[in-house]
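got a predicted structure plus its sequence, pasted below:
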Amino acid sequence: MNVKIMKLKYILINDLKINNSNDRHGELENESFAIAWLFSEHETHMNNLAKDIAQQGMVYEPPLVFYDGDHFTVFDGNRRVTCLKLMDKPHIAPTSKLQKKFANIRKDWNGEFLDKIQCQVENDRDRLDNILYRRHTGTQGGVGQSNWNDRMKANFVSRTGKSNSFNVADEIEILLSKANLLPTKINIPRSTINRLLSAEQFRNRLGFGIKKKKFEFTHKKNIVLAALARVANDLATQKIVLKDIWDIDGKHSYLDRLEEEGVLPTSQNKLINIPLNSNKNKERLKPTVDIRPTIRKTLIPQKTFRLSWPGRLQRHHQIWEELQFQLQLSVQPNAISVLFRVLLELSVLNYIEQQNIQVHANDKFANRVLKVGHDLFDKKKINNKQLGIIKKFQNTDQIISADTLNRYVHSSNFAPSPDHLTSIWDSMADFIVECLEA
């Protein structure tokens, strides 16, 4: 089916798919999870919106959709379309209470129920993101538009790489041009490069980062430039196109292929920072600022981790958010200890599944951790010190052990302390992040 740009088209409600990668929530597993999220976060608003649509007997603003070959995926208007879908088929609502509510709202529909609605159809994904960027990250001019908060805007920037503070593609093109490594007679699709390198984690795999709005090499310059030249050529020649790196798994898949081919920088190419106490830096040290230690309030520190969250890691992401932003060590240590144990087990399971690690059905958790640890070490993802911690994880006389975490869950007299919890997290953090990034 050919879809023209900026075409208004009537589309069957059944052919519209709620976006499980909506920037309101990031990537979720499927459409059902996306619908459930809307009601878990905005149930009152969703109910009121559904009632208003039923009373009006129509939707005033056409949803913005993209045709993906099977369905028209909704990129703007997910709340409106969800309300219509649930009025059309109440049984798909996430709870029995909502199923009854939407069946009753459907009865109050003013006139003949709509089986199709007018939508704005886009077949250019970059143009579609430009529309979203102007609607949701600047001044809100649309009546009835549900504003994005800072986290939602961050999800959009992380997904697309669109930001008005620093243009990664522009900087890469300048660097490649100076090194005479630009593809000849072919323009680089800048928006696609920005999408591929939308998050620091993906940039780090290519050997650079963005710090204080400046491009910074983390690995040897010549190796990084060669890798960036390969990426630029792949995109310019359309060997890799936008749909190949549309989501997080697509980005990982492409970078994994480059790594297998030996294109990406390795740990041996990493630049070594000069220690602060070296002679070269002594003259710059000025002990005039009183630096006071901050009190750790949550298990996961308040800093940015090089993590991306594909839809298959939806629950992992939710648990991480609770441990980093919601649960307080001084107030909810028991809840934190249990969730920490769950996060660790789910992370290990993710690595086993993604890397096809051979485990047996009767393998204990500690043994699975050890197998994953050895695989990470063999792939140079963790160092000797970290592997040593993993090896001790099987010992029952260690604070940092599977036995300790199991007691947190099952023992009636083994109370977790904030100090012990933070100690275990600090020791296992790199291991967990590597498992989640598999």
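Nice, I can see it.

which other residues reach stretch 167-186?
By C-beta atoms under 8 Å, 6 or more residues apart in numbering, the list of residues contacting stretch 167-186 from outside reads 161, 188, 190-191, 193-194, 197, 203, 210, 215, 225-226, 228-229, 232-233, 236-237. For the C-beta atoms, the positions are set from N, CA and C on the backbone; glycine is no exception.

buried only: go through those for me.
When the contacts of stretch 167-186 are checked for burial by 16 or more other C-beta atoms under 10 Å, the buried set is 161, 188, 190-191, 193-194, 197, 203, 210, 215, 225-226, 228-229, 232-233, 236.

now, those residues that are in strands?
With strands taken from DSSP state E, the overlap with these comprises 210, 215.

phi and psi next, for residue 208.
Note on residue 208: its backbone torsions stand at phi -150, psi 170 [degrees, to the nearest 10].

that one pairs with what?
On the basis of DSSP bridges, residue 208 is bridged to residue 217.

show me the contacts for it.
Residue 208 makes contact with 215, 216, 217, 218, 219, 224, according to C-beta under 8 Å, 6+ apart.

pick out the most distant pair among these.
Within the contacts of residue 208, 215 and 219 form the most distant pair, 12.9 Å apart (C-beta to C-beta).

can you tell me the element the closest residue to residue 387 other than its chain neighbours falls in?
Using C-beta to C-beta, 6 or more residues apart in numbering and skipping the chain neighbours, the partner closest in space to residue 387 is residue 377 (4.5 Å). Assignment of secondary structure by DSSP states H and E places residue 377 within helix 365-378.

neighbours of residue 389, how many?
Residue 389 has 18 neighbouring residues, counting by other C-beta atoms under 10 Å.

secondary structure element holding it?
For residue 389, the secondary-structure element it belongs to, assigned by DSSP H and E, is helix 384-392.

over to residue 100?
According to DSSP H and E, residue 100 maps onto helix 96-107.

helices and strands around that helix, which ones?
Contact partners of helix 96-107 among helices and strands, from 3 or more C-beta pairs under 8 Å, 6 or more residues apart in numbering; DSSP states H and E: helix 31-56, helix 78-88.

so which of these gets nearest residue 319?
The stretch from the helices and strands packed on helix 96-107 with the least distance to residue 319 (C-beta to C-beta) is helix 31-56; that distance is 15.0 Å.

distance between that closest one and the chain's centre?
Taking the mean C-alpha point of helix 31-56 and that of its whole chain, the gap between them comes to 24 Å (C-alpha atoms, centre = their mean, to the nearest Å).

list the buried residues in that helix.
Buried residues in helix 31-56, defined by neighbour count with 16+ other C-beta under 10 Å: 31, 33-35, 37-39, 46-47, 49-50, 53-54.

which ChimeraX command selects the buried ones in the contacts of residue 208?
In ChimeraX syntax, the buried subset of the contacts of residue 208 is picked out as below (16+ other C-beta under 10 Å):
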select :215,217,218,219,224
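
closest one to residue 358 out of the contacts of residue 208, please.
In terms of C-beta to C-beta, no member of those lies closer to residue 358 than residue 219, at 32.2 Å.

and the closest one, what are its phi and psi?
Residue torsions, per degrees, to the nearest 10, at residue 219 are phi -130, psi 170.

ranking helices and strands of the chain by mean pLDDT, which lands last?
The least trusted helix or strand in the chain, going by mean pLDDT, DSSP states H and E, turns out to be helix 279-282, with a mean of 44.

tell me how far the helix or strand following that helix is from the chain's mean position?
Heading C-terminal from helix 279-282, the first helix or strand you meet, by DSSP H and E, is helix 314-321. Centroid displacement of helix 314-321 relative to its chain, using C-alpha atoms, centre = their mean, is 10 Å.

so after helix 314-321, what's the next helix or strand?
Proceeding N to C from helix 314-321, the next assigned helix or strand is helix 333-355, under DSSP H and E.

for that next one, output the C-alpha coordinates as CSV.
Provided in CSV are the C-alpha atoms of helix 333-355 (Å, rounded to 0.1, in the frame of the first residue of the first chain):
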residue,chain,number,x,y,z
PRO,A,333,14.7,-1.1,53.1
ASN,A,334,12.7,-4.3,53.0
ALA,A,335,10.9,-3.4,49.7
ILE,A,336,14.3,-2.3,48.3
SER,A,337,16.0,-5.6,49.3
VAL,A,338,13.3,-7.7,47.6
LEU,A,339,13.2,-5.6,44.4
PHE,A,340,17.0,-5.6,44.2
ARG,A,341,17.0,-9.4,44.3
VAL,A,342,14.3,-9.5,41.6
LEU,A,343,16.2,-7.0,39.4
LEU,A,344,19.4,-9.0,39.7
GLU,A,345,17.7,-12.3,38.8
LEU,A,346,15.8,-10.8,35.8
SER,A,347,19.1,-9.1,34.6
VAL,A,348,20.9,-12.4,34.7
LEU,A,349,18.1,-14.2,32.9
ASN,A,350,18.1,-11.5,30.2
TYR,A,351,21.9,-12.0,29.6
ILE,A,352,21.4,-15.8,29.5
GLU,A,353,18.6,-15.5,26.9
GLN,A,354,20.3,-12.8,24.7
GLN,A,355,23.7,-14.5,24.7
